[in-house]
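Engineer: how does the following fold in three dimensions:
(3 chains)
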Amino acid sequence: MIASTGMIFAVTGAVLFALGVAGVVLIDHLLRRILAFNLMGSGIFLILVGLAQRHDVPDPVPQAMVLTGIVVAVAATALALALVRKLHALSGRLTLPGDGE
Amino acid sequence: MKRLAVVTAALAFTVALIAAMLELETSPIDLRGPVAAQLAASGVDHPVTAVLLNYRGYDTLLEIAVLLLGVLVILAVGVDRPAARTEQPDPLLETLVRLALPLMVVVAVYLLWAGAFRPGGAFQAGAVLAAAAVLRHLAGLQAGWAAPGLRLRLGLVAGFVVFLAVAAALLPQGALLQYPPAQAGMLILVIEAALTVSLGLILAGLFLFLSP
Amino acid sequence: MTAALTGLIVVPLAWATLAFLLGPGRGAVPAIVALGIQLGLAVNLAHGVAVEGTLVHPVGGWGAPLGIDLAVDGLSAAMLLLTQAIALPLAVYARAYFKADDPAGRHFWPLAGFLIAGLNALFLAADLFNLYVTLELVGLAAVGLVAAGGGAPQVAAALRYLFATLLGSGAYLLAVALVYGAYGTVSIATLLPLVTAEAPRLVWIAGALAGVGLALKTALFPFHFWLPPAHGSAPAPVSALLSALVVKASFYLILRLWLGPFAPLAAVADWLPATLGAAAIFWGSWQAIRAVKLKRLIAYSTVAQLGYLFLIFPLLAQTGALQAGIMQVFAHGLAKAGMFAAAGVMIKATGQDTVAGLAGVVERLPLTLFAFGLAGMTLMGLPPSSGFLAKWLLIEAALAQGAWVIAIVALAGGLLAAIYVFRVLRQAFLLAPAGGDVAPVPRTLEWTAFALSAASVLLGLRGVELMQLVGGGG
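Structural biologist: Below is the predicted model:
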């Protein structure tokens, strides 16, 4: 079990992913759910980059995938934040109605 | 109860995933070879930029569409902008921002150009431009954006349109987005330049469409 | 054929951008014209695949695994055909549905354009990471369509949908990352010979993640919680697009992965989708029977009908099962689009959205009610509709492999569908109106709803070519 840098990133990414998913599912407060989703995304990107660094010269394809993934995550986060703003303006709530699921 | 179930499942999943990752061997296919081998024909010198704008440029095209979609949804949802701020902007901040802005534009142009042979490119340059716009807003030099007029809409879609037009125009001579090796570098630079402007506007818009 | 293939992606992206440039509320006419062209391209493509077989288009000229491949086979061609065939009438419907100052209609056209572009790109993609980007394009466009111009319940439903879809794509993206880590490529064609039953454990985890993520996006029981609020509170044309097409996109992807790269791993758990599908049929039908609001009823019907699609997984050894699944996709797509369209007309006319409020509607809107009835016929599986053909193929495949439980579930589902369809029809045929006038509704709305529902029935008479397309090339 070689603890190369790449593997450390990948293992951390796995932990972050699980934390993020648990956060999105369990947390009621919408802004914190969005943060949890970003945590989940960062976990996935770490795994991609970590597994790419297993070789001596890093693999460029996963790095390009991560760039694309970051852009998509930014768009999704902005969209989510706008919706939360709108919900708050319309109803004053920061949780979803119906036991906050 | 649900909390316990989810946490246990997440824990079990993490352990399983880490164990599976640690026992991974080398993969049957290594793309570093083909990336490096075709780099000369790709028009740029940096492998990540080559993957992003040439080998897997179609992913980048769709991802610009996703970003554009993000702005579109923000406009469609119709978020009310807060009332205009009444407090005086801080003169120190304002001066600092006025000094920083031209430097940020220069950095953005450099990043765009440098992307051909080192980490950089349209996304990074666009992000710096957007940061400059947000800084201007925070210093009170720039009002938030109302519903976009035609010029702003043109700016927002310019990068995507240029990319799509180049991709489609190359179709008769080969495949979609197949750059002729001789012109690949120039075409990529043109696309990246248009993308930088649009990305700057889109990313700034994600902030400024919702600001006073 | 290459022109048709690339055209189906480039054309919708172009008119979506044009609609955005033209400004809020505009873009209907370019959309309808372009959708007509797209339908022609899809027919051309389907014909080409039927004659020449699978076509692969390497984007950028590089070819997998370095570049991204686009591929069209019988299954993809069928899904493309369905997408354009449903989108065109719905575009005509939407143009008449959204009044000039309707906030929901102000950005409908660019959003719908990106949605359709994303769907087409998804059905043509042969690269796992590219599929992720198309999934996000479709998902975010769908969320935008649900949320646009809506009040608090609509925005809340859109947020719930957004979290579900982001969780789903996140799980799928992790699966793609793990597959790349294990094999060094994300091209489906390159992966096919590499994945065996002795795949590393990481690949098994990837398969499970992809399955769960895509099941969440397809609203398979028990991940269906986001669908009834989202489809039930969106404007009628949006609900139609979502129920008919968007949920089918992630189902198509499940099918593609199940039959493709993950095939050696999939044999282990093929009873699981069928069990969940059966649960979806019973739970969805039960909730539809109890629903108070009309669109909520139709949305729960979607949950139930999606269950049929998952009954085919244990039976996929036979070609008949795949054809049954695709026929069900077509049947449900056309019928649900027609049903939501008809419901939109009825709600607009009566000014309220409950089932009880439909009393006496038959006198003023006979054509619309006929459309609803025809769509219901397909959902119930009455001959000669395509729904009947789909159930027939499913039961035939089930009995051929001795899975009589599946056959019984399919028949029971048809009976349950009859209950909630007749609930609506009975209410509409009551003599005394609930009170209040029935507002006049543009004829275009009624005729497009009727066209979609009639198509779902008539497809049953001409289903042979579709089955050959899917069976031969898929």
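
Engineer: what about chain A, any weak spots by pLDDT?
Structural biologist: Counting by pLDDT under 70, chain A contains low-confidence residues at A:1-3, A:99-101.

Engineer: swap the cut-off to 80 and go again
Structural biologist: Counting by pLDDT under 80, chain A contains low-confidence ranges at A:1-4, A:54-56, A:98-101.

Engineer: would you agree residue C:100 is in contact with residue C:24?
Structural biologist: No - counting by CB atoms under 8 Å, residue C:24 is not a contact partner of residue C:100; they are 10.4 Å apart. From N, CA and C alone the C-beta is placed, and that goes for glycine too.

Engineer: so between the two, which is more surrounded?
Structural biologist: residue C:24 (19 against 7; other CB atoms under 10 Å in any protein chain shown).

Engineer: list phi and psi for the residue lying closest to that one once chain neighbours are set aside.
Structural biologist: Nearest residue to residue C:24 in three dimensions, chain neighbours excluded: residue C:106, at 4.0 Å (CB to CB, 6 or more residues apart in numbering or on different chains). Dihedral pair for residue C:106: phi -70, psi -30, per degrees, to the nearest 10.

Engineer: so how far is residue C:403 from residue C:106?
Structural biologist: According to CB to CB, to the nearest Å, residue C:106 stands 50 Å off from residue C:403.

Engineer: same question for residue C:281.
Structural biologist: 15 Å.

Engineer: before we move on, what about residue B:185?
Structural biologist: Distance of residue B:185 to residue C:403, given as CB to CB: 59 Å.

Engineer: can you give me the buried ones in the longest helix that chain A contains?
Structural biologist: Taking DSSP state H as the criterion, chain A has its longest helix at helix A:60-91. Buried residues in helix A:60-91, defined by neighbour count with 16 or more other CB atoms under 10 Å in any protein chain shown: A:60-88, A:90.

Engineer: from these, which are also near chain B?
Structural biologist: A:60-61, A:63-65, A:67-68, A:71-72, A:74-76, A:78-79, A:81-83, A:85-86 (CB under 8 Å from any CB of the partner chain).

Engineer: the residues you listed also near chain C: which ones?
Structural biologist: A:61, A:65, A:68, A:72, A:75, A:76, A:79, A:83, A:86.

Engineer: now the third one: closest residue in space that isn't a chain neighbour?
Structural biologist: Counting by CB to CB, 6+ apart, residue A:68 lies nearest to residue B:63, which is 4.9 Å off, once chain neighbours are set aside.

Engineer: tell me the first helix or strand C-terminal of the helix or strand containing the one you found.
Structural biologist: Assigned by DSSP states H and E, residue B:63 belongs to helix B:57-77. Downstream of helix B:57-77, the first helix or strand assigned by DSSP H and E is helix B:91-114.

Engineer: any residue of whichever helix or strand comes after that following helix touching chain A?
Structural biologist: For helix B:91-114, the following helix or strand on the C-terminal side (DSSP H and E) is helix B:122-138. Yes - interface with chain A: helix B:122-138 contributes residue B:123 (CB under 8 Å from any CB).

Engineer: I'd like the next helix or strand past helix B:122-138.
Structural biologist: Heading C-terminal from helix B:122-138 (DSSP H and E), you reach helix B:150-169.

Engineer: which other helices and strands contact the helix or strand containing residue C:469?
Structural biologist: Here residue C:469, judged by DSSP H and E, is contained in helix C:463-473. Judged by 3 or more CB pairs under 8 Å, 6 or more residues apart in numbering or on different chains; DSSP states H and E, the packing partners of helix C:463-473 are helix C:28-52, helix C:74-97, helix C:319-350, helix C:386-400.

Engineer: quick one: contacts of the shortest one?
Structural biologist: Contacts to helix C:386-400, defined as CB atoms under 8 Å, 6 or more residues apart in numbering or on different chains, come from residues C:308, C:311-312, C:315, C:318, C:320-321, C:323-325, C:327-328, C:330-332, C:334-335, C:377-382, C:404, C:406-407, C:410-411, C:414, C:456-457, C:459-460, C:463, C:467.

Engineer: what's the local residue count around residue B:109?
Structural biologist: Residue B:109 has 15 nearby residues by other CB under 10 Å.

Engineer: how close does it sit to chain C?
Structural biologist: 26 Å (CB to the nearest CB, to the nearest Å).

Engineer: could you find the closest non-adjacent residue to the closest residue to chain A within chain B?
Structural biologist: Nearest to chain A, among the residues of chain B, is residue B:70, at 3.4 Å (CB to the nearest CB). Distance criterion CB to CB, 6+ apart; nearest residue to residue B:70, sequence neighbours excluded, is residue A:75 at 3.4 Å.

Engineer: OK, contacts around that neighbour?
Structural biologist: B:66, B:67, B:69, B:70, B:206, C:136, C:140.

Engineer: same thing but at 6 Å, please
Structural biologist: B:66, B:67, B:70 (CB atoms under 6 Å, 6 or more residues apart in numbering or on different chains).

Engineer: phi, psi of residue C:71?
Structural biologist: phi -140, psi 140.

Engineer: report the beta-bridge partners for it.
Structural biologist: residue C:56 (DSSP bridges).

Engineer: is it true that it touches residue C:57?
Structural biologist: No - Residue C:71 lies out of contact with residue C:57 (CB atoms under 6 Å); the separation is 7.3 Å.

Engineer: what is the burial count for residue 49?
Structural biologist: Answering for chain A, as no chain was given. 20.

Engineer: that's the wrong chain, I wanted chain B
Structural biologist: For residue B:49, using other CB under 10 Å, the count is 27.

Engineer: same check on the one 10 residues further on?
Structural biologist: The burial metric for residue B:59, expressed as a neighbour count using other CB under 10 Å, is 26.

Engineer: state the pLDDT value of the residue sitting nearest the centre point of chain B.
Structural biologist: In chain B, the residue lying closest to the centroid (CA atoms, centre = their mean) is residue B:123, at 3.6 Å. Looking at residue B:123, its pLDDT is 92.

Engineer: ok, now how distant is it from residue B:22?
Structural biologist: 33 Å.

Engineer: and what of residue C:248?
Structural biologist: Taking CB to CB as the measure, residue C:248 and residue B:22 are separated by 38 Å.

Engineer: so between these two, which is more surrounded?
Structural biologist: residue C:248 (27 against 14).

Engineer: after the strand or helix carrying the more buried one, next one along is what?
Structural biologist: Under the criterion of DSSP H and E, residue C:248 resides in helix C:247-259. The helix or strand immediately downstream of helix C:247-259 is helix C:263-266, counting by DSSP H and E.

Engineer: what does that following helix contact?
Structural biologist: Contacts of helix C:263-266 (CB under 6 Å, 6+ apart): C:195, C:196, C:197, C:207, C:258.

Engineer: apart from its neighbours in sequence, what residue is nearest the second one?
Structural biologist: So that's residue C:196. residue C:264 is the one closest to residue C:196 (CB to CB, 6+ apart), at 5.5 Å.

Engineer: for the one you found, give its distance to residue C:252.
Structural biologist: Taking CB to CB, one finds residue C:264 at 20 Å from residue C:252.
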